[in-house]
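# got a predicted model here, sequence first, then my questions.
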Amino acid sequence: MGFMAVCVRQSRNNIINHVKSKMGLLGLTNLSSSLNNDHSTLSTASLAKDLRNQISVFENNPTLYRTRRFESTKPHQRSGVHSNGASSQFLDFPGGQVAFTPEMRFISESPKERIPCYRVLDDDGQLIQGSIDVGKEIAVKMYSDMATLQTMDTIFYEAQRQGRISFYLTTIGEEAINIASAAALTIDDFVVPQYREPGVLLWRGFTLQQFANQCFSNKDDDCRGRQMPIHYGSKKLNYFTVASTIASQLPHAVGVAYSLKMDGKDACAVTYFGDGGSSEGDFHAALNFAAVTEAPVLFICRNNGWAISTPTSDQFRSDGIVVRGEAYGVRSIRVDGNDTLALYSTVRAAREMAIREQRPILVEALTYRVGHHSTSDDSTKYRPVDEIELWRSARDPIARFRKWIESNGWWSGEAESELRSNVRKQLLDAIQVAERTEKPPLADIFTDVYDVPPSNLSEQEKWLRETIKIHPQDYPSDFTL
Ligand SMILES: Cc1ncc(C[n+]2csc(CCOP(=O)(O)OP(=O)(O)O)c2C)c(N)n1
Ligand SMILES: [Mg+2]
């Protein structure tokens, strides 16, 4: 909460300063102050003169807005344009010239060919062509973190099934998107996640103990137990707290990116979302807003085929999500979401473009949600088990990447067993510690929002304390009242 407030405050100041500097640059500062003055003392003639002077600043400086606006609104500056009469071939229109055509032609609702999917490794984990600039250290860390994430999911999922935590949601099948995209970023890039990207936090150094503390809602959790399990967040690691309200993170990310732009930072905002998220209004608003403000933001869509039980065929008729970029003026690419190397190189290039050219980029990663949506779901009720099994085994991104690092001599069977047993042990220890650690004091539920709590909130706190005293069996025994 505090983190958001600081960001919002900083952004607001940055935007105000930016607008002031733009107005100063354009010679508008005086105009704005004169307009703020007591109008009764200004004669209409002097105001008109002032305005003429300010307008001439625009006219004499055609380059001022060149990088920001299409130059289509001044027909007389266009060559070969006939703006008056029947022989016109083009219409000067905001956004650029539009050619006239005598042919009545509707644009087809479907492309002749689907947008191809960029991949580097084939199904067997071998390079399709040439070589790739990824060294041993980063490749081994990517592999180790993907395997760690997979093990973490298995153990926390079991802990939920044993009733030790209230909820869990796995990333199984989407480990490559998590880890390879994280590896392509820098820690200065702000991550505004959905909920299926804990691997980005893992890559950034969130410890297994921190994951466990959050899932067990204990007093050592950074959010002090106020969020459901898997709603991680870390101010230190520039990772905004997960919000389950689908797609609400997308406009937030554009705001973060705009703030980075105002500050002239060598960083971008990166936001993740699912195919389901792309069906929300916030997705469309965010893409448009990002395009118009030229905000350095990466939109990374995990198109995993399902939004809980809704298949993509019930969500959209377009060729997936990638094609929507062009409609909003956002550069976009489709990539194999189970190919670690393709994702790594794509996100690196996208980040570089977003920052250097100050523009948003949309990445659609094609993958599959191998696990159930969450522990509240049984996906075998609505999709074929064969389909799940195909993606779990033959299309597993971890096994595919392992083949590549093994063929380079960077990984072995012994390294694999050592890693898996170490991670498993660390996780079991972390879970035990997290489970033993007491819950945050009850008062913490009511802090950190209001400076002075309003009376209704204080009343609710009183009721809660009374309720716990009457029904102690319904509350954790180690709860500090
Ligand atoms: C605004 C909103 N509507 C509905 C939900 C319920 N809901 C939770 S997850 C989900 C599906 C999201 O699917 P997708 O974005 O594809 O992500 P995935 O779970 O596949 O990773 C829905 C509909 C919600 N959390 N928020
Ligand atoms: Mg989905």
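Received the coordinates, thanks. Ligands and ions are numbered 1, 2, ... in the order given.
# nearest residue to the residue of the stretch 251-400 of the chain found nearest ligand 2 other than its sequence neighbours?
For the stretch 251-400 of the chain and ligand 2, the shortest gap (C-beta to the ion) falls at Gly274, measuring 3.5 Å. C-betas here are computed from N, CA, C, even on glycine. Counting by C-beta to C-beta, 6 or more residues apart in numbering, the nearest residue to Gly274 once its immediate chain neighbours are dropped is Arg302, at 5.3 Å.
# interface residues of the stretch 201-350 of the chain facing ligand 1?
Taking C-beta under 6 Å from any ligand atom as the contact definition, the stretch 201-350 of the chain meets ligand 1 at 244-246, 273-277, 302, 304, 306-308.
# and of those, the nearest to Asp451?
The shortest gap between Asp451 and any of those belongs to Thr245, at 25.8 Å (C-beta to C-beta).
# for that closest one, helix, strand, or coil?
State at Thr245, reduced to three classes by DSSP: H, G, I helix; E, B strand; the rest coil: coil.
# going along the chain, name the strands of the stretch 51-200 of the chain.
According to DSSP state E, counting those that start in this stretch, the stretch 51-200 of the chain carries its strands in the segments 90-93, 96-99, 190-192.
# give me the neighbour count for Thr148.
Other residues within reach of Thr148 by the criterion other C-beta atoms under 10 Å amount to 23.
# isn't it up against Trp203?
No. Using C-beta atoms under 8 Å, Thr148 is not in contact with Trp203; the gap is 9.8 Å.
# let me see the contact set for the residue of the stretch 251-400 of the chain closest to ligand 2.
Listed by C-beta atoms under 8 Å, 6 or more residues apart in numbering, the contact set of Gly274 reads Gln194, Arg196, Ile246, Cys301, Arg302, Asn303, Asn304, Ala307.
# just the pLDDT for it.
In the predicted model, Gly274 carries a pLDDT score of 98.
# same question for Leu481.
In this model, Leu481 is scored at 77, pLDDT.
# how far away is it from Asp263?
Taking C-beta to C-beta, to the nearest Å as the measure, Leu481 and Asp263 are separated by 45 Å.
# avg pLDDT for stretch 393-409?
For stretch 393-409, the per-residue pLDDT averages 98.
# re earlier: just so I know, which of the strands of the stretch 51-200 of the chain lies nearest ligand 1?
Of all those, it is strand 190-192 that lies closest to ligand 1, at 14.2 Å by C-beta to the nearest ligand atom.
# what's the average pLDDT for the closest one?
For strand 190-192, mean pLDDT is 98.
# and it, which residues are buried?
Buried residues in strand 190-192, defined by neighbour count with 16 or more other C-beta atoms under 10 Å: Phe190, Val191, Val192.
# just checking, what packs against that strand?
Packed against strand 190-192, as judged by 3 or more C-beta pairs under 8 Å, 6 or more residues apart in numbering; DSSP states H and E, are the following elements: helix 249-262, strand 269-274.
# contact residues of the stretch 151-300 of the chain facing ligand 2?
By the criterion of C-beta under 5 Å from the ion, the positions of the stretch 151-300 of the chain lying close to ligand 2 are Gly274, Asp275, Gly276.
# who touches the last one in this structure?
Yep, that's Gly276 we're talking about. With contact taken as C-beta under 8 Å, 6+ apart, Gly276 is in contact with Ile246, Trp306, Ala307, Ile308, Thr310, Gln315.
# which residues touch stretch 106-123?
Judged by C-beta under 8 Å, 6+ apart, the contacts made with stretch 106-123 from elsewhere in the structure are 127-128, 132, 317, 319-320, 322-323, 333-336, 339-342, 345-346, 366, 394-395, 400-401, 404.
# go on, stretch 421-428?
Taking C-beta under 8 Å, 6+ apart as the criterion, the residues outside stretch 421-428 that touch it are Ala147, Thr148, Thr151, Met152, Ile155, Phe156, Leu208, Ala212.
# kindly recompute the last result at 10 Å.
Identification of contacts with stretch 421-428 by C-beta atoms under 10 Å, 6 or more residues apart in numbering yields 144, 147-152, 154-156, 159, 207-209, 211-212.
# chain neighbours aside, what residue packs nearest to Thr380?
Leaving out its chain neighbours, the residue that sits closest to Thr380 by C-beta to C-beta, 6+ apart is Ile388, at 7.5 Å.
# and the helix or strand hosting the one you found, how far from the chain's centre?
Secondary-structure assignment from DSSP states H and E places Ile388 in helix 385-392. In terms of C-alpha atoms, centre = their mean, to the nearest Å, the centre of helix 385-392 is found 27 Å from the chain centre.
# tilt between the helix or strand following it and helix 385-392?
Past helix 385-392, further along toward the C-terminus, the next helix or strand under DSSP H and E is helix 397-407. With axes from the mean of the first three to the mean of the last three C-alpha atoms, to 10 degrees as the criterion, the two stretches helix 397-407 and helix 385-392 enclose an angle of 30 degrees.
# dump the helices and strands packed on strand 190-192 to TSV, plus distance to Ser412.
Supplementary listing: these in TSV, determined by distance: least, C-beta to C-beta, whole Å:
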stretch	distance to Ser412
helix 249-262	40
strand 269-274	32
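# Pro476 is nearest to which of the ones you listed?
Of all the helices and strands packed on strand 190-192, helix 249-262 sits nearest to Pro476, with 30.5 Å by C-beta to C-beta.
# quick check, distance from stretch 216-226 to the centre of its chain.
Relative to the chain's own centre, stretch 216-226 is displaced by 24 Å; criterion: C-alpha atoms, centre = their mean.
# renumber starting at 770 from here on
Shifting the count to begin at 770 puts that one at stretch 985-995.
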